[in-house]
Structures are given as structure tokens and as C-alpha cells.
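Novice: Structure of the sequence below:
(2 chains)
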Number of protein chains: 2
Amino acid sequence: MGGPNIKEQQQEEHPQPVRAARQTNPFRLVLFFIAGSLAAITLHALTSSNLGLRLRQLHHLPSAHYLQTRDEFALYSVEELDAFKEFYDKSVSDSVGATFTEAEQTNINEALGALRLAQDMYLAGKDDKAARLFEHALALAPRHPEVLLRYGEFLEHNQRNIVLADQFYFQALTINPSNTEALANRQRTADVVQTLDERRLESLDFKRDALSAIHESSAALRRAKKEAYFQHIYHSVGIEGNTMTLAQTRSILETRMAVDGKSIDEHNEILGMDLAMKYINASLVQKMEITIKDILELHRRVLGHVDPIEGGEFRRNQVYVGGHVPPGPGDLAILMQRFERWLNSEHSSSLHPVNYAALAHYKLVHIHPFIDGNGRTSRLLMNTLLMRAGYPPVIIPKQQRSKYYHFLKLANEGDIRPFVRFIADCTEKTLDLYLWATSDLPQQIPMLIQTETEAGERLAQLQSPHLSQSAQMPEFYESGSGSIP
Amino acid sequence: MGGPNIKEQQQEEHPQPVRAARQTNPFRLVLFFIAGSLAAITLHALTSSNLGLRLRQLHHLPSAHYLQTRDEFALYSVEELDAFKEFYDKSVSDSVGATFTEAEQTNINEALGALRLAQDMYLAGKDDKAARLFEHALALAPRHPEVLLRYGEFLEHNQRNIVLADQFYFQALTINPSNTEALANRQRTADVVQTLDERRLESLDFKRDALSAIHESSAALRRAKKEAYFQHIYHSVGIEGNTMTLAQTRSILETRMAVDGKSIDEHNEILGMDLAMKYINASLVQKMEITIKDILELHRRVLGHVDPIEGGEFRRNQVYVGGHVPPGPGDLAILMQRFERWLNSEHSSSLHPVNYAALAHYKLVHIHPFIDGNGRTSRLLMNTLLMRAGYPPVIIPKQQRSKYYHFLKLANEGDIRPFVRFIADCTEKTLDLYLWATSDLPQQIPMLIQTETEAGERLAQLQSPHLSQSAQMPEFYESGSGSIP
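Specialist: Next up, the predicted model:
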């Protein structure tokens, strides 16, 4: 975690729409009045409500099953949620902010102005302009219910992106659980989205079965596995900032010789992933139960080369991960025991493997039991669970680092589904890599993500993170190996 | 351990004297007869005696205090010796050999021929030729009592090298404890040598006190410490085969960047020594007791970067170290407990720090509790004990690798004193390095051992290991920093 401050970036990178809003002088006075009123109401709603309490009340609403996303995935039982409450409340209240700074207030005012304008454009049939203005409003006030609801409705009705629309409604509910508009909207979207998510997972099973049908002795499969092995390590260390290229990663693992101009730590991160993968293949994949000891042994291998003292040990200090404040070191033992119990529970084994694996990843990285290497260990645990279910180890491309952290942040704020969908997407892309490499077509095995393509995508995302995200969303539901270049 | 097979090298590298012996045709028939008889007697003595039993009986001879070298240093108590007996007997009997191969028998015959000739030369006043022939005989039959006794007497009376002479007599006694000639010879030398050894240690204390008198704030002292820190790591990993230069070692520790063309392991060996030294300075030096846990923590740091799994763990397999067969993994726990008890005993704290530290080093490397890193950990333990007594961490130059292993082998065979003298020598050289660097003279801090000088010395040693050793022996008793170039 600990990515760049997205909010700041967004402010810097949208000078154009800001100026556009300022040029619409006739609207400004009216907008400022409305914005001020709305901000005051919002402020009152936020300061007068105990968010943590309301969030928990959410779980007891019997009829509002469309609100129970956290429960559907059994993110935490109510008792467990109590244990997390202290630091969860802290991180949520930190990001929501009971009071706004002057700069934040200015942003909210401007966002509400852009929002009103976007709706005017929408009504006038100027969808492109409307989309840009909605995106701008979201960038300025990403957690403002009004922005989330209006943008969500636009996405639902105009862009046919019901998944992202539902995500925005849900987000509005995590901010104010009694928001009646959001509740009404979700009554339309929740079931549809759940069905879409389920179908998506079924299509993954289909591809997994296609891959399983290829005989172990296939030369192409073995070649694909070897190539994917290097790519998996390359991306998993790269996502944490390691600068080794795929070729250098491969060379290090094949020769154990140093690469000039790189730090020794970067070498050791690669050796650590290799050691951990060998441990998974030789031991963990066959195990019926994954214990705390197994996770510690995994971590010892991941971090041990870089830090022989901290490898395989829980942290002994409080850490801060961007906006997330993980539990104190004194709570780690009990939280890890609960995690272990969940990991081996009947409930978790009844989940779809991708749901199960993604949740395990999220839960572990949320507890953040180690001083370093939490991300790598969590991804390896996820892949262990996927491999036990017949999936290949899933690659999360380093180029999707910002997306990955954004979805983890959304999960921290209450909605795990975007993260699970992201993992499902990566699972599919990885399956496609194998299927493509073992089909009759290929001469050469491609990289999961071409660096050029991704660099372009990344640039576009930085320039307009939410727009590009919504534009890509339907891709999640496209299948077939055609998406691999 | 596991250095080159010295015996084979010696055979290959002495073609000249072999031919010389063959040219002395008139002597050959007589020599062969005598040699054959002696060999038969020796063979009988060896096969009919239980060496282990006799060695233990040695400890109970009340009057023969000059035989109690092992006891003087409390190498192992009689009870402990029993525990070691099994593998000790094995390694001794392996090297002594109850029966000789044809090649060995030929060597012994030739050695005894050279020996007779050497004595003739000695009587004829041709000391140089005699020395060369004695050396040749020793190279051919390094554990033959006749060779050891005659060469020892030559060293004692002609070369005034009483220390090496006593070492040879002692060696003859470890092979046959009832060798009356050896007993008689040691009655002359044992006390003298002990006095010399004691004086030697006193002179080290004197230099240590001179170093202690320099104030901590001295810029020269701090510079010397820093330089010695790099040299210490450089030599300790170099002695195990690491090929990094001193400049590369320094660069790695200062920048943490990889050096092109070197293995990642070689980098990690250096990082491991650094981590371990920091642990010693921050924690171990202040501790009153050194426990098994401390030794494991030391080892975790030494080996952890290279091998995060084995770092800090006792080995789980039998290992073989050259001719030495360390205890089985099942015996490690009890042997380490005994070692811990000895380490913190009143007896060991009554020893001179150099004796204590060298013995601790020897004992630990003899138990060989780890799969790898035993040498480095033992040297670090030795240095911890020396530092607690006010000595600097002692550098064992990588160029003296063969000597170092030779003395460890002699200790395995029963005589710890040559190893302790070697450590005393290294201690003095290290003290000299500091004293030289903090004197008014130096502009630049020298390397402990100049590579060129040492390379030459090493070559000479390979060509004639025992002669060069005996020639250097008196150097042990020379003091002053003049020996540092």
C-alpha cells in the first residue's frame, strides 16, 4: 500500500475542467449557494452520526439483503467487526473527515457545481461532456453521496455500467447508511450485479477446466508454466517497487548472479519469491489446512533473504499504511487466530475459489501482520488457495498497481466486491495466458501485459482515473483469449 | 574445512628430493630393510592398540603432567570426551589408518629412507640438506612417530625451535601414548614451551592495554576501527571462498548495491557478517552470559541472508568436513548445552581471554552445529569473547586459510596449542594494525596482510609447508608493530 496521494494527483491533473467551470460565470453564484447549503447538511449528517455503530446496524437489517455485501462475503463476523472497530473507525473517520479543511470545502463546492452542470449536459443529450464533468466532480469529492448517486445514475442509465453504478450507490450507503436514494437505487442494481458476478466466476471455472484438460506432459504447457513462473515473480516484486526487468528477473533465478546497478535488496526480493513459490509447490498446495505457522513459513521465505530477522515473525510495532491503520502488534495473535479459523472454516470452503482466495488476500493484507512483505505474502496465500482449486497462480500486473491499491482501499471503506472483481479479472487474464500459450497458434509466449500498452493505459488512467476505470469495467465481462495481444 | 588434500599436493610438489633419494643407490637396499621392519612394527602397534582408550588413559597419568595438554585447556572433560568418542575415534582411525595401502606403504618406506639420510647429513654438519630431507620425510609420512621424533630433535637442538619440536613429540604421543622416546623428549620441552606460551599472552595483554589507553574520541582510532571493520568482514568471508575484494566489500556495505559479475550469495555473505557484527556490538558484548540462543541469533544473522531457512537453526543432517566427522544431528542439543555450560563456567572465565576465545572457536567449529556458516559463527563467537575482554575483533587473514585449517586439524588430532598460538598471532597482528594506525607515523591505514607478500608466503608454504612453518615459528615471539609493512 502507500501509493501516491491520489486526491492530490487528481487536483493537479485536471486543470482543464477547473478552468471550464470558472468560465461559466453565470452559474457560479447560484452554484456556490447550493453547494454551501449541501455541504452544511452533509457536515451535520456526518458529525451527528456514529458511523461505526450504523455500519454494524446494517448487518441486522433483515429485509435489506441488498445491503449485506460485507456479510455475503463474510468479510468479518459481527464479533470480529467489534475487534476491528477501533482502528476501522479511525481509518474511516480519517478519510471521511468530520470537519473539512478550507481546501476540501472549496473542492466540494466546486464538485457540486460540476455535478449540476453535468446533469444539465446529460439532459441536453451531451453525454461526453456530461461524463467528463461527472468524472471531474468525483475527482474533487470522491466520497460525497450526492456525487456518487448522480454519477451512479448516469452510469446505470446512460453508460449501461450497472456494476460501477452499484458500487457508487453502495459507497454512498457506507457514508450514510440511511440514505434513502441510495437504498432505492440499490434495490434496482444489487441483484443484477450479484448475478453478473456469479456468471463471471462460472466462466472462470470453464476456462480452468479447459486448462486442466491439457495433459501435464504437454511441452507447450510446461513452457507456459515456466514463463508464467518468471512473470509471476517479476510482477509481484515489481508491484512493490522492484525495478528489475523480466529478463533480469529470469537471469537472477537462472544464474544466481548479481545484476549491475541494482540494489542487493532487489535481488533478494526475487530470491525470496522463488523460495516461497518452491515451498508452496512442495508443501502448501497439498495441505488440507493452512495454519498460522504455514503463513509465517511463507513469509520467512518471502522476506528472509532481505531481512533474516523479521522474516517469519509478526511485527512488533504499529505501522501506518497510507490511510489504513492496521491493528496494533498486541492484537495480531488473536486476529491471526481468527483468520486461521476463517481460512479453514466450512463457510470459507463453500465460497467460490476466487472469492475465497481474494478474500483471504484482503483479510491478510488488512491485518498487515508483518513489518514488510505483507502484499507479497498475501498474494502468495491467495495463489496457494487458487492452486489448491486447480487454478494457476494468478499474476497481478505491476502496471495495475494503482488500480489494485484503489480496490484494496475501497474494500477498507466497506465494499470488497471491486477488489474481488479485479482478482477475477487477473485470474482470467492469467488463464488466457496459459490457454493462448498452449493453443496451436503461438510461436512465442507473450508477456501478460505488454509494457507499451500498459504504459499508455496507465497514463490515461492517471489523467482521468475514474473515467478510464468505468470505461474498462465492461471488459471484466468480456471473455476469450482475444484480449491478450 | 575441506581444504585441498595436502598429502597429495606434497607428493606432487616434491619430485626433486624423490629423485635425489633414488640416486643414492648404495643406501637403498639397507634402507628398504630397515623401513620394512619399522613399518611392520608400527603397523602392529597401531592395529593392536585401542587408541581412543589409551588417549583417555592419558588423562589419568598423575605424574605425566607434560602429557596433559588437552586437559590444561579443558578441551573436554573426561565425560564429554566419552560423548565424542564415537566420531572422534572414527576420524582419528581414518587418518591414522589401521592398515596402509600400497601407496602409503611406499611413502613410509621412502620417508624412513629420507629420514636416515637426513640424520647422516645432520651428523655431517650439512644442516640445510638435513632440514630439506627431514621436511621431505614429514611430507611423505606426516604421522609417523619415527619421523616426528627425529625431526623434532633436529628442530630442538639445531634450529632452536622448541615449540615446533614439542608439537612433534606431542603428536607422536597422540599416535602412541606409550612411546618412551617421545615421553622423555617432552620432559625437556613441555615446561619450557608452556612458559613461552604464557609470556606470549602477557605481551598481548600489554598491547591491548596500550590500545585501551587511546581515547575513544581519537579520530585515528575511529578511522582504524572503521577500516578494521571492513577488513574483518572481508577476511572472514574470504576465508570461506568469497571472491569479493576489500574495495568491493566496502562498497557493498556502504551502498548496498550489487557488484557486477559476483554471485548474489557472495553479496549476502557480506551483508550477513555486517548484520552479525552489529548484533554483537549492540547486544552480545554487554551480556554476562552467552547462551545457545545467542549463538543461534548470531548464526541467523550470519547465514540468514543467504539461507533464510537454515539461518538460526541447528542442522538436521549428518555432515562431513574433510577428515572430520562432526556429531550426528541428534547429539547437537546435548553437546551445545555442554558447550554453553563450559562457555559460562568458572573454569573458562579463569583462562586467559585468548585461550578462552580460541578454545570456544575450536569447540564450536568441532561440534559444527550448522549446515553452513560454522566457521564464520565460530570466529564471531571468538571475537565476542575477545571484545568482552577489551581486545579488538581479531582478523584471521584469508591468505592464511591453509594454516588455519591445518591447526584446526591438529587440534582434532589432539593438540589444541598450535591453533591457540595461531589465534594469538592473529590477535597480535590485529593489535599491531590498530596501534600502527593510531601512532604518529601513518598517513594511510594498511591492509592487515599485503596480498603480494602473502601470496608469496603462501606459495612458499605450499612448496614446503612444514619448513616454512618452522621458519615462521620464532616470529610468534617477536613483538612490535614492525612486522606490519
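Novice: so who does A:M336 touch?
Specialist: Residues in contact with A:M336 (CB atoms under 8 Å, 6 or more residues apart in numbering or on different chains) are A:292, A:295, A:314, A:367, A:369. C-beta here means a position set from N, CA and C on the backbone, and glycine is covered the same way.
Novice: if you set the cut-off to 6 Å instead, what comes out?
Specialist: A:292, A:369 (CB atoms under 6 Å, 6 or more residues apart in numbering or on different chains).
Novice: Spell out which residues of the stretch 201-350 of chain A are next to chain B.
Specialist: A:256-258, A:260, A:262-264, A:267, A:300, A:304-305, A:308, A:311 (CB under 6 Å from any CB of the partner chain).
Novice: Could you identify the pair within these that is furthest apart?
Specialist: Spanning the widest gap among those are A:D260 and A:R300, at 28.9 Å by CB to CB.
Novice: For the two, indicate the residue with more neighbours.
Specialist: Between A:D260 and A:R300, A:R300 has the larger neighbour count (other CB atoms under 10 Å in any protein chain shown), namely 25 against 12.
Novice: which one among the residues of the stretch 201-350 of chain A next to chain B gets closest to B:Q399?
Specialist: The closest of these, once distances to B:Q399 are taken by CB to CB, is A:A258, at 25.0 Å.
Novice: any idea how far B:L211 is from the closest one?
Specialist: Distance from A:A258 to B:L211, counting by CB to CB, to the nearest Å: 37 Å.
Novice: Neighbour count: these two, which is higher?
Specialist: For A:A258 versus B:L211, neighbours defined as other CB under 10 Å are more numerous around A:A258 (24 against 19).
Novice: who's in contact with the closest residue in space to the more buried one that isn't next to it in sequence?
Specialist: Of all residues not flanking A:A258 in the chain, B:A258 sits nearest, at 3.8 Å (CB to CB, 6 or more residues apart in numbering or on different chains). By CB under 6 Å, 6+ apart, B:A258 lies in contact with A:258, A:262, A:264.
Novice: center of chain A - which residue?
Specialist: Centroid-nearest residue in chain A, with CA atoms, centre = their mean: A:F407, separated by 2.3 Å.
Novice: Would you mind measuring from it to chain B?
Specialist: Shown here: A:F407 relative to chain B, a distance of 31 Å by CB to the nearest CB, to the nearest Å.
Novice: A:H136 too?
Specialist: From A:H136 to chain B the distance is 44 Å (CB to the nearest CB).
Novice: In terms of helices and strands, where is that residue?
Specialist: Counting by DSSP states H and E, the element that carries A:H136 is helix A:127-140.
Novice: Report all helices and strands that that helix contacts.
Specialist: Contacts defined by 3 or more CB pairs under 6 Å, 6 or more residues apart in numbering or on different chains; DSSP states H and E place helix A:127-140 against helix A:102-123, helix A:145-157, helix A:465-472.
Novice: Show me which residues of it are buried.
Specialist: Buried residues in helix A:127-140, counted by 16 or more other CB atoms under 10 Å in any protein chain shown: A:129-140.
Novice: how about low-confidence regions in chain A?
Specialist: A:1-99, A:441-485 (pLDDT under 70).
Novice: can we see that at 90?
Specialist: Filtered on pLDDT under 90, chain A yields the residue ranges A:1-107, A:125, A:158-159, A:174-177, A:215-217, A:321-325, A:413, A:436-485.
Novice: In the record's domain split, what are the boundaries for it?
Specialist: For chain A, the TED database gives the domain ranges A:104-196, A:214-441.
Novice: in the helix or strand hosting A:L253, what counts as buried?
Specialist: Using DSSP H and E, A:L253 sits in helix A:246-255. For helix A:246-255, the neighbour count (16+ other CB under 10 Å) marks A:246, A:248-253 as buried.
Novice: A:A276: what's its closest spatial neighbour, skipping adjacent residues?
Specialist: Closest residue to A:A276 apart from its sequence neighbours, by CB to CB, 6+ apart: A:R301 at 4.0 Å.
Novice: Let me see the contact set for the one you found.
Specialist: A:275-276, A:279.
Novice: Helix or strand for it, just tell me which one.
Specialist: helix A:292-304.
Novice: Show me how far that helix is from its chain's centre.
Specialist: Here helix A:292-304 is found 23 Å from its chain centre; the criterion is CA atoms, centre = their mean, to the nearest Å.
Novice: can I get the CA coordinates of the following helix or strand past that helix in CSV?
Specialist: Using DSSP H and E, the next helix or strand after helix A:292-304 towards the C-terminus is helix A:332-343. The C-alpha trace of helix A:332-343 is given here as CSV (Å, rounded to 0.1, in the frame of the first residue of the first chain):
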residue,chain,number,x,y,z
LEU,A,332,-2.0,-9.6,15.9
ALA,A,333,-2.0,-13.0,17.6
ILE,A,334,-5.8,-13.1,18.2
LEU,A,335,-6.6,-11.6,14.8
MET,A,336,-4.4,-14.2,13.1
GLN,A,337,-6.0,-17.0,15.1
ARG,A,338,-9.4,-15.8,13.9
PHE,A,339,-8.1,-15.5,10.4
GLU,A,340,-6.8,-19.1,10.6
ARG,A,341,-10.2,-20.3,11.8
TRP,A,342,-11.9,-18.5,9.0
LEU,A,343,-9.4,-19.8,6.4
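Novice: quick one: buried residues of helix A:332-343?
Specialist: Neighbour count says helix A:332-343 has A:332, A:335-336, A:338-340, A:342-343 buried, by 16+ other CB under 10 Å.
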